[in-house]
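Undergrad: predicted structure and sequence below. I'll ask about it afterward.
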Amino acid sequence: MNGVIFATAMWLLSRMVIAIAMLVIAPLLPAPPGGIQPTVSWDVFLAWDSHFYQAITISGYDYVNDGQGHNVAFFPLFPLLTRAVMSGGLPFNVAGTVVNNLAFWGALIVLYAWVQESHGQKVARWTTAVLAWCPFSLFGTVIYTEGLFLLLSTAALRSFDRKHYGWSGLWGGLASATRLPGIALSPAFLLVAWREKRPAIAYFPSLATAGGLALYSLYCGIRFGDMLAFLRVQQAWQPEQAFYGQGWLKMLVQISAGTVNWNRGWLHDPWHPLIFVTICAASYFLWRSRSLGENAQSRAEDCIPHYTPHPTPHTLNPVLRCSSWRSHLKRLCVDQGYGFYSLGTLLWLLAGDPLINMIMVWGGGYLLVRQRTKLRPVAVTYGLCSLAVILSPGRTISAERHAYGIVSLAIALGLLLARYPRWGWTTLVFFTLVLVSFAIRFSQHLWVA
């Protein structure tokens, strides 16, 4: 019950922040270039991909193999659930918002329960907070599929981890009928079942998970005569690239040299790379001083004598001096942690979205690998398979949002912040600021992810 209360509180508070940003703050701001002036209505939750789901829900699928974008690229489960809610008399913008928000609430509850079973209450709370307050949790409120996908994929992983293979297959099949990345569950279940030498029934979820995608592919074959129609239309949203990974290289240059310099093709703005190098140098020296401080702290601990029942002034003074030195170094390391966050914030203000996108995918992958021995095997395997799906095209569009949908990354970060709660609170404050920014931008119909 405590887990349900905590998850509900995180969901409610974070959704309130989004609602205030979209319905109170955004309408007071002037319309930005290329955007619109938001109104106080349900329409603020309807933008970008939401229009495709609206068309599917109301009019059904359309597809022609003409190289253009068609709504067949979007999978059917979310529109079906929204249509079911609309049968009660609600308009699409209300029904779609309700479905996604309730699903996201359920995802937080299931996640808390799973992490508490595996890692304890402290890690469960940090993980739930990370998923609720991450800036891309905005897509668990607007009319997108993130909330539903997180609910189904997390439920499938938890069921498999608890060896409830029937439920795991059901949730996995529904997940792959929600979004294409859901297919990453299938190889994850297969590999874990093989590696842990589980019984034959453990291979069932892998097949059942692929069933959701297979049924949609069969529908496309019957309806449009092309079983891969949902893949062919993806090219309409993916820009041509001269080589694999060109988008990631572009992001790296934008972070280090600046978008203006990338667009101009030469060093038009020398300040951006100069500030970038300064921030990197400051981070390096801060890291070096932290390493030296930790080594000195270790030496200070070694110098503390063993406890004696009757300490004398000769034995007491070194203890006091070493304890004071150790306390000073501990405070110094904490202050350096805040220094890292300050430099990180400056780098975000300098580089903007490319930095966040790079950190979400590559930083998330690095964190997952570093925490692999502490995570459940199915969580690690699913995380790596999902990252492989994201990176396989070599393109970057919406990669950061898809990375947010990998629940394993949230658990890995929750484990880290549970060890360093001071950094955790600073992280949540930063998340909240960016979340408000994203919510305002989305309500203005500006691109977020």
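TA: Perfect, thanks for sending it.
Undergrad: please make it C-alpha for all contacts and neighbour counts, starting now.
TA: Will do.
Undergrad: give the contact list for residue 6.
TA: By Cα atoms under 8 Å, 6 or more residues apart in numbering, the residues touching residue 6 are residue 125.
Undergrad: now with 6 Å?
TA: By Cα atoms under 6 Å, 6 or more residues apart in numbering, the contact set of residue 6 is empty.
Undergrad: and the gap between it and residue 253?
TA: Distance, residue 6 to residue 253, using Cα to Cα, to the nearest Å: 41 Å.
Undergrad: ok, now residue 339?
TA: The spacing between residue 339 and residue 253, counted by Cα to Cα, is 25 Å.
Undergrad: equivalent analysis for residue 159, please.
TA: Taking Cα to Cα as the measure, residue 159 falls 42 Å from residue 253.
Undergrad: repeat for residue 161
TA: Applying Cα to Cα, the value for residue 161 to residue 253 is 41 Å.
Undergrad: worst-scoring helix or strand of this structure, pLDDT-wise?
TA: Within the chain, no helix or strand scores below helix 313-351, which has a mean of 60 by mean pLDDT, DSSP states H and E.
Undergrad: thinking again about what came up before, higher neighbour count, residue 159 and residue 253?
TA: Using other Cα atoms under 10 Å as the criterion, residue 159 and residue 253 rank with residue 159 on top: 21 against 17.
Undergrad: hang on, isn't that one packed against residue 168?
TA: Yes. Under the criterion of Cα atoms under 6 Å, residue 159 is in contact with residue 168, at a separation of 4.9 Å.
Undergrad: quick one on the thing from earlier: show the subsequent helix or strand relative to the least confident helix or strand of the chain.
TA: helix 353-358 (DSSP states H and E).
Undergrad: in the next helix or strand after that following helix, which residues are buried?
TA: Using DSSP H and E, the next helix or strand after helix 353-358 towards the C-terminus is helix 364-370. Neighbour-count burial for helix 364-370 flags 364-365, 368-369 (criterion: 16 or more other Cα atoms under 10 Å).
Undergrad: any idea where the strands of this protein begin and end?
TA: With DSSP state E, there are no strands along the chain.
Undergrad: how close does the residue nearest the centre of it sit to residue 219?
TA: Closest residue to the average C-alpha location of the chain: residue 404 at 2.0 Å, with Cα atoms, centre = their mean. Distance from residue 404 to residue 219, counting by Cα to Cα: 29 Å.
Undergrad: quickly note the distance from residue 236 to residue 66.
TA: If you measure residue 236 against residue 66 using Cα to Cα, the figure is 9 Å.
Undergrad: neighbour-wise, which of these two wins?
TA: Applying other Cα under 10 Å to residue 236 and residue 66 shows that residue 236 carries more neighbours, namely 13 against 10.
Undergrad: ok, back up a step: what's around the residue lying closest to the residue nearest to the centre of the chain once chain neighbours are set aside, how many residues?
TA: Excluding its sequence neighbours, the residue lying closest to residue 404 (Cα to Cα, 6 or more residues apart in numbering) is residue 136, at 6.6 Å. A count of neighbours around residue 136, defined by other Cα under 10 Å, yields 25.
Undergrad: equivalent analysis for residue 225, please.
TA: By the criterion of other Cα under 10 Å, residue 225 has 11 neighbours.
Undergrad: roughly how far apart are it and residue 63?
TA: Counting by Cα to Cα, the gap from residue 225 to residue 63 is 10 Å.
Undergrad: what does residue 127 give?
TA: For residue 127 relative to residue 63 (Cα to Cα), the value is 40 Å.
Undergrad: the two: which has the busier surroundings?
TA: Per other Cα under 10 Å, whichever of residue 127 and residue 63 has more neighbours is residue 127, with 28 against 18.
Undergrad: these two touch, right, the more buried one and residue 414?
TA: Yes. Counting by Cα under 6 Å, residue 414 is a contact partner of residue 127 at 4.0 Å.
Undergrad: what residues are shared contacts of the two?
TA: Taking Cα under 6 Å, 6+ apart as the contact criterion, residue 127 and residue 414 have no common neighbours.
Undergrad: in this structure, which ranges drop under the pLDDT threshold?
TA: For the chain, the stretches with pLDDT under 70 are 239, 290-337.
Undergrad: give me the domain ranges for this protein.
TA: Annotated domains of the chain cover 2-238+421-443, 279-336 [automatic domain parsing].
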